[in-house]
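**Student:** starting from these lines, generate the structure:
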Amino acid sequence: MVIVSGHLVVAEHRREAFLSSCRPIVEQGRSAPGCLDFAISPDLLDPDRVNVLECWESQEAVDAFRGSGIPDDLGPLVESASVAEHDVTSTRSLT
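**Tutor:** Sure thing, here's the model as predicted:
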């Protein structure tokens with residue numbers, strides 16, 4: 001399993017428009033082969049922060065979906081980013 005996690009910085013006055021524009025990306029991600037979960041969401045404490053969390057069955061599934069990254073029309077809205085991939089060897093359910 002591969003977890004992609006981190007955050008993007010998008011100016012507060014642009015964050016809602018950015019998130020609305022991300023809806024098709026989330027829909028595509030969730031329907032992609034090998035996707036276990038996919039979320040792009042506003043941070044509850046930082047008005048400039050957008051959280052990213054993806055869970056994938058394999059690195060191959062991530063690579064097949066990822067392509068070139070953030071679409072050209074959204075890229076200029078992202079002031080900075082800190083996102084990483086994590087290889088997971090085991091999991092425990094907490095529910």
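**Student:** rest of the way, CA atoms for contacts and neighbours
**Tutor:** OK.
**Student:** how many neighbouring residues does the residue nearest to Ser21 when sequence neighbours are not counted have?
**Tutor:** Distances taken as C-alpha to C-alpha, 6 or more residues apart in numbering put Leu74 closest to Ser21, at 7.7 Å, once the chain neighbours are dropped. Residues within reach of Leu74, counting by other C-alpha atoms under 10 Å, total 13.
**Student:** my guess is Leu74 contacts Phe18. True?
**Tutor:** Yes: using C-alpha atoms under 8 Å, Leu74 is in contact with Phe18, at 7.0 Å.
**Student:** burial check on Ile3, number of neighbours?
**Tutor:** 21.
**Student:** which strand or helix spans it?
**Tutor:** Counting by DSSP states H and E, the element that carries Ile3 is strand 2-10.
**Student:** tell me the strands beside that strand, with direction?
**Tutor:** Strand 2-10 has these partner strands in its sheet, going by DSSP bridges: strand 49-56 (antiparallel), strand 78-87 (antiparallel).
**Student:** distance between the last one and the chain's centre?
**Tutor:** Think strand 78-87. Centre-to-centre, strand 78-87 and its host chain are 9 Å apart (C-alpha atoms, centre = their mean, to the nearest Å).
**Student:** ok, and what's touching it?
**Tutor:** Here strand 78-87 makes contact (C-alpha atoms under 8 Å, 6 or more residues apart in numbering) with Met1, Val2, Ile3, Val4, Ser5, Gly6, His7, Leu8, Val9, Val10, Ala11, Val52.
**Student:** kindly recompute the last result at 7 Å.
**Tutor:** Residues from elsewhere that reach strand 78-87, judged by C-alpha atoms under 7 Å, 6 or more residues apart in numbering: Met1, Val2, Ile3, Val4, Ser5, Gly6, His7, Leu8, Val9, Val10.
**Student:** quick one, what contacts the residue nearest the centre of the chain?
**Tutor:** The chain has Val52 as the residue nearest its centroid, 3.6 Å off, counting by C-alpha atoms, centre = their mean. Each residue near Val52 by C-alpha under 7 Å, 6+ apart is listed here: Ser5, Gly6, His7, Ala39, Ile40, Ser41.
**Student:** nice, that's everything, thank you.
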